[in-house]
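Chemist: model this:
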Amino acid sequence: MELIGRTKIVDVLQSTAYGTTVNVKGWVRTRRGSKQVSFIALNDGSTINNVQIVVDVEKFGEEYLKPITTGASLSVNGTLVQSQGKGQSVEIQATEIQIYGTADPAVYPLQKKGHSMEFLREIAHLRPRTNTFGAVFRIRHNMAYAIHKFFHDRGFFYFHTPLITASDCEGAGQMFQVTTMNLYDLKKDENGSIIYDNDFFGKQASLTVSGQLEGELAATALGQIYTFGPTFRAENSNTPRHLAEFWMIEPEVAFNDINDNMALAEEFIKYCVQWALDNCMDDIKFLNDMFDKELIARLQGVLEGSFVRLTYTEGIRILEEAVKAGHKFEFPVYWGVDLASEHERFLVEEHFKRPVILTDYPKEIKAFYMKQNDDGKTVRAMDVLFPKIGEIIGGSEREENYDKLLNRIQELNIPMKDMWWYLDTRRFGTVPHSGFGLGFERLLLFVTGMANIRDVIPFPRTPKNAEF
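Modeler: Residues are numbered from 1 along each chain as shown. Next up is the predicted model:
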């Protein structure tokens, strides 16, 4: 086969160099045709669109073409011509075809028909080859790029916080332990507690649930930082919105108060949505047409107005009035409750019809590090609530007062051995500072319109599932 430099299909489809010889490589989506001519739809992952290869059957011979079935991989040399058919502007008239790998139709699971999302999760090693998951993972890449660009352009520093941590600050019940000890022969003291002296780190260690506390250390030196990495929660939550391993973006900014924090969150998420509309439209349009007819309208809707700023107390009042007016919620509404997704979505989708930033939550349902308001009952927390998703961002102004933070740590019986370094930021040059966390997969759920969080990460980790 003549050696010609490969052209990606995304570039071929935009080319007007008719009459030139090109080389494309990819996987066969479909092959159809007659005894005289075959049409191969070829895709290489660079775009959701296929290029049509027109094959003169007589030239290659039926026997040679027989293994070219859905899933087979090819290298094709041919002449770029204007397409006669609808749907594409160019096609390739094949002069040489090399078959790299075949895919026996009797066993290859991705034949040309509709597959359920549940079935595709069982073959997560092959599902990126489908149109749907190709689209999702190209969008995932673009969102990651947009996030780094957003923060870099605004002078933030990307800061790497540890994945293995010995700090127990977010509640050990939801942490995966990391150990090199023989689990069949654990040494214990007279109280039955495990002795960690001979373990790799010499103490109990876990996978991180958040990079926030270390991020605060960096913000009080570099001014404004963000983390972007995997986090781990050992919650036994088998829901369409929870993963045991997911990615999180956590900016932290010295000298920012709660209002600055809300403004940053709104600017950030609008930037990401705009980036998706500007750079991923082919993929978004496919997902809009196939899965969620309102996807594009919902994305554009988020960009139109300002997000509503609403206190938790006012939000509860609106929900209580809705209940009085006959609206049925599965979970009860009262001041002090941690809002369920149905409550959050009512405020966003039915009451205000745009995203809501809810602030000033009761301190009992929020983390120890959030700044306390003067009323003694609420803290300067903020959750950004989105249509279809509920909470997409959670954050707060942090408690910068050493005594107040220490009292809260003692009230909640958080071990001081884990917190001395965190308190040092309040002992040495403390400043007001704020930050938030965005679950990357929650953002992707919104941008792709997918219904299950397991379908926006390549290999989902959930209770009883760690395949591939």
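
Chemist: tell me which element residue 303 falls in.
Modeler: Element membership for residue 303, per DSSP states H and E: helix 295-304.

Chemist: can you give me how far that helix is from the chain middle?
Modeler: Mean C-alpha position of helix 295-304 versus that of the full chain (CA atoms, centre = their mean, to the nearest Å) differs by 18 Å.

Chemist: quick one: mean pLDDT for that helix?
Modeler: Helix 295-304 shows a mean pLDDT of 96.

Chemist: got the buried residues for that helix?
Modeler: If you call a residue buried by 16 or more other CB atoms under 10 Å, then helix 295-304 has these buried ones: 295, 296, 298, 299, 302. In this view, the C-beta of every residue, glycine as well, is placed from N, C-alpha and C.

Chemist: same thing with stretch 259-267?
Modeler: Quick answer for stretch 259-267 (16+ other CB under 10 Å): 261, 262, 264, 265, 266.

Chemist: relative to residue 69, how far out is residue 1?
Modeler: Residue 1 is 20 Å from residue 69, where distance means CB to CB, to the nearest Å.

Chemist: the two: which has the busier surroundings?
Modeler: In terms of neighbours (other CB atoms under 10 Å), residue 69 is the more surrounded of residue 1 and residue 69; the figures are 17 against 11.

Chemist: neighbours around the closest residue to the more buried one other than its chain neighbours, how many?
Modeler: Nearest non-adjacent residue to residue 69, counting by CB to CB, 6 or more residues apart in numbering: residue 105, 5.0 Å away. When neighbours are counted by other CB under 10 Å, residue 105 registers 12.

Chemist: helices of this structure, residue ranges please.
Modeler: In the chain, helices defined by DSSP state H lie at 9-12, 57-60, 62-65, 117-122, 131-153, 212-222, 258-279, 281-290, 295-304, 312-324, 341-345, 402-411, 420-427, 440-448, listed in chain order.

Chemist: which one of the ones you listed is the most hemmed in?
Modeler: Greatest average neighbour count among the helices of the chain goes to helix 440-448 (a mean of 24), per mean count of other CB atoms under 10 Å.

Chemist: circling back: which single one of the buried residues of helix 295-304 is nearest to residue 216?
Modeler: The closest of the buried residues of helix 295-304 to residue 216 turns out to be residue 302 (CB to CB; 28.9 Å).

Chemist: so that closest one sits against residue 356, correct?
Modeler: No. Using CB atoms under 8 Å, residue 302 is not in contact with residue 356; the gap is 11.6 Å.

Chemist: let's have the buried residues of helix 295-304 in a markdown table, adding distance to residue 19.
Modeler: Converted to a markdown table, the buried residues of helix 295-304 look like this (distance: CB to CB, whole Å):
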| residue | distance to residue 19 |
| --- | --- |
| 295 | 39 |
| 296 | 37 |
| 298 | 44 |
| 299 | 40 |
| 302 | 45 |
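
Chemist: returning to that earlier point: for the residue nearest to residue 69, what are its contacts?
Modeler: Contact analysis of residue 105 by CB atoms under 8 Å, 6 or more residues apart in numbering lists 69, 70, 111.

Chemist: hmm, try it at 10 Å
Modeler: By CB atoms under 10 Å, 6 or more residues apart in numbering, the contact list for residue 105 reads 69, 70, 71, 72, 111, 112.

Chemist: again, but for residue 78
Modeler: By CB under 10 Å, 6+ apart, the neighbours of residue 78 are 4, 21-24, 51, 53-55, 91-97.
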